[in-house]
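Peer 1: need coordinates for the below:
(one chain, ligands or ions: 1)
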Amino acid sequence: MKLQSLIDRAIQFPSITVAVAAAEDEDVLEAVQEALRRRLSRFLLYGDKEKIIEIINAKFPHLINKGDVQIIHALTNQEAAEKAVKAVHLNEANVLMKGNVQTAVILKAILNKEYGLRTGNILSHVAVFEIPDFERLLFITDAAMNLYPDLGQKVQIIENAVAIARSVGVNWPTVAPIAAVEVVNPSMQATLDAAALSQMNRREQITNCLIDGPLALDNAVSSLSAEQKGIKSEVAGRADILLVPTIEVGNALYKSLTYFAKAKVGGVIAGAKAPIVLTSRADSAESKLYSLALAICSTKH
Ligand SMILES: CCCC(=O)OP(=O)(O)O
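Peer 2: Alright, predicted model coming up:
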């Protein structure tokens, strides 16, 4: 399965409005151009207006006369993030998109008690990868938001990721809580949580998916590795979603897939009032477009 399938799916939904925080970035504006070309969405671009127009004039001149794009000036990245979040809060936009702004700055606005986008649920990051020589899309959570989730938070992180996977057609995803080993070790919290999550799934406390762990990364994604190690698990070698134990594991895995394995990626924050497109600032325009498609698929239409 390819990430292009996300765009094919997103095209079928009615066009929505996306609020971009700190849009003064070439890759962001290229993704905007590609989304407009496919009639995926309209855009409210928040940021340094002069810089945005300068990049558009130099690189994407067709954008400037589009009625589907509105540019709103903001003095700082923080102001751009606040204004974009407020636009979603006020239902002027259906999706929020991180532009050239640090994750921490946009998260602060998202979590604002007055105008932020929190619901009762935990917010968590879900990334989906198309990896060369790997036959299916692989979801990884959480590489960007929750630092050291406890068991209760992991339950909600899985539920958010399952909802995202289902929104793009992976209807009964297999979930591997990842650890350094595939046996329960009382000294390793990740293995204890993985065992508890698997049992909660068996007892239908976590539904719409199949969870089994702990699994190490190799036996989660490779049946051969699982076979060689004698691991009997319905998820081993078949994992659709990898639940990582900490943000460091998730973020390093995310970036090693994109930098070393040349994977393509799309990423969103789930569990908020509206989907939030959140990639690394250094990700390509293509990745930002896939992320937008993922957000559109997961929007309540
Ligand atoms: C999903 C990756 C979040 C991240 O690490 O963003 P930056 O690279 O922009 O810090």
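
Peer 1: who are the packing partners of the helix ranked longest in the chain?
Peer 2: Secondary structure of the chain per DSSP state H: the longest helix is helix 151-167. Applying 3 or more C-beta pairs under 8 Å, 6 or more residues apart in numbering; DSSP states H and E, one finds that helix 151-167 contacts strand 124-130, strand 138-141, strand 174-177, helix 189-202, strand 241-243, strand 264-270, helix 285-298. Glycine gets a C-beta too; all of them are placed from N, C-alpha and C.

Peer 1: near the ligand, which residues of the stretch 51-200 of the chain show up?
Peer 2: 103, 125, 143-144 (C-beta under 6 Å from any ligand atom).

Peer 1: check these and tell me the two furthest apart.
Peer 2: Among these, the pair separated by the greatest distance (C-beta to C-beta) is Thr103 and Ala143, at 10.2 Å.

Peer 1: who's more crowded, those two?
Peer 2: Neighbour count, other C-beta atoms under 10 Å: between Thr103 and Ala143, Ala143 has more, with 26 against 17.

Peer 1: so how far is Arg281 from the more buried one?
Peer 2: With distances taken as C-beta to C-beta, to the nearest Å, Ala143 is found 14 Å from Arg281.

Peer 1: against Asp150, how distant is the closest residue to Gly99 other than its chain neighbours?
Peer 2: Nearest residue to Gly99, sequence neighbours excluded (C-beta to C-beta, 6 or more residues apart in numbering): Ala22, at 3.9 Å. Ala22 sits 32 Å away from Asp150, taking C-beta to C-beta as the criterion.

Peer 1: and those two? Which one has more around it.
Peer 2: Remark: of Ala22 and Asp150, Ala22 carries more neighbours, 29 against 10, as counted by other C-beta under 10 Å.

Peer 1: for this protein, what spans make up the helices?
Peer 2: Going by DSSP H, the chain shows helices at 4-10, 26-37, 49-59, 77-89, 103-110, 151-167, 189-202, 217-221, 223-228, 247-259, 285-298.

Peer 1: so what's the closest residue to Leu217 other than its chain neighbours up against?
Peer 2: Spatially, and ignoring its direct neighbours in sequence, Leu217 is nearest to Ile178 (5.8 Å; C-beta to C-beta, 6+ apart). With contact taken as C-beta atoms under 8 Å, 6 or more residues apart in numbering, Ile178 is in contact with 190, 194, 213-217, 220, 242-245, 249.

Peer 1: Ser233 too?
Peer 2: Ser233 touches 212, 215, 219, 226, counting by C-beta under 8 Å, 6+ apart.

Peer 1: the closest residue to the first one other than its chain neighbours and the ligand, how far apart?
Peer 2: What it means is Asp212. Leaving aside its chain neighbours, Asp212 sits nearest to Val235 (3.9 Å; criterion: C-beta to C-beta, 6+ apart). Relative to the ligand, Val235 is positioned 24 Å away (C-beta to the nearest ligand atom, to the nearest Å).

Peer 1: turn the helices and strands packed on helix 151-167 into JSON lines, including mean neighbour count and mean pLDDT.
Peer 2: Listed next are the helices and strands packed on helix 151-167 as JSON lines, based on neighbours: other C-beta atoms under 10 Å; pLDDT from 0 to 100:
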{"stretch": "strand 124-130", "mean neighbour count": "27", "mean pLDDT": "97"}
{"stretch": "strand 138-141", "mean neighbour count": "25", "mean pLDDT": "98"}
{"stretch": "strand 174-177", "mean neighbour count": "26", "mean pLDDT": "98"}
{"stretch": "helix 189-202", "mean neighbour count": "19", "mean pLDDT": "98"}
{"stretch": "strand 241-243", "mean neighbour count": "27", "mean pLDDT": "98"}
{"stretch": "strand 264-270", "mean neighbour count": "27", "mean pLDDT": "96"}
{"stretch": "helix 285-298", "mean neighbour count": "26", "mean pLDDT": "96"}
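
Peer 1: so for Glu79, which of those sits nearest?
Peer 2: Across the helices and strands packed on helix 151-167, closest to Glu79 is strand 264-270 (C-beta to C-beta), at 20.4 Å.

Peer 1: between the closest one and helix 247-259, how big is the angle?
Peer 2: 150 degrees (axes from the mean of the first three to the mean of the last three C-alpha atoms, to 10 degrees).

Peer 1: circling back: can you put the contacts of Ser233 in TSV and add distance to Ile131 and pLDDT?
Peer 2: What follows is the contacts of Ser233, written out as TSV (distance: C-beta to C-beta, whole Å; pLDDT from 0 to 100):
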residue	distance to Ile131	pLDDT
Asp212	21	98
Leu215	17	98
Asn219	17	95
Ala226	18	95
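
Peer 1: tell me the one of those nearest Glu54?
Peer 2: Looking across the contacts of Ser233 and measuring by C-beta to C-beta, the closest to Glu54 is Leu215, at 49.0 Å.
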